[in-house]
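**Q** Next comes the sequence, and after it the predicted model I'd like to discuss.
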Amino acid sequence: MSTAPDPIEDERSGARPRLSRKGWAWVLTGLVALTAVTAWIAYLVTDQPVRWQDVGFDIISPTQVEATFEIYFYDDEPVTCYLHAMNVQYAEVGVAEVDIDPADGSQQRLTVPISTVEEANTALVRGCGPVQ
């Protein structure tokens, strides 16, 4: 005596239906699109000529602060980094710019003095770009 599977019992057992070919095609298309978008974003991010990271700052006096940052070069072009100092109200109280040559190393740690008009509470790199 042979017994056929009972469809009602399959529903109760929690069995999930399998994906159709069309369903698998949509899943694969979605994965390919997601991979392409991720690769494009990664390319745009790594296509930058330089990357920097703030390390810290020292308040030297009410009219001077030093900003310390690391810079990482991805090509052989010199860059200019723009720094700014801010007070407690986040108002800009000092600016500086420094030209950096990758011939001194592809990774560098720099400390740059910034003259201020009043005491600064922080000093940061605003950005770096090609020398103009």
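**A** Ah, there it is. Numbers count the residues shown, from 1 in each chain.
**Q** Now do the longest strand belonging to the chain: everything it contacts.
**A** As assigned by DSSP state E, the longest strand anywhere in the chain is strand 50-61. Strand 50-61 is contacted by residues 65-74, 79, 81, 85, 109, 113, 119-120, 122-125, 128-129 when judged by CB atoms under 8 Å, 6 or more residues apart in numbering. Every C-beta, even on glycine, is put in place using the N, C-alpha and C of the backbone.
**Q** Just those residues: which are in strands?
**A** Using DSSP E, the contacts of strand 50-61 in strands are 65-73, 79, 81, 85, 109, 113, 122-125, 128-129.
**Q** Bridge partners for residue 79, pull those for me.
**A** Residue 79 forms beta bridges with residue 100, residue 130, as assigned by DSSP bridges.
**Q** ugh, typo on my part, it should be residue 67
**A** Here residue 67, judged by DSSP bridges, has bridge partners residue 57, residue 112.
**Q** for the residue nearest in space to the middle of the chain, what are its contacts?
**A** Central residue of the chain (CA atoms, centre = their mean): residue 45, 7.4 Å from the mean position. Counting by CB under 8 Å, 6+ apart, residue 45 touches no other residue.
**Q** Over to residue 33?
**A** Counting by CB under 8 Å, 6+ apart, residue 33 has no contacts.
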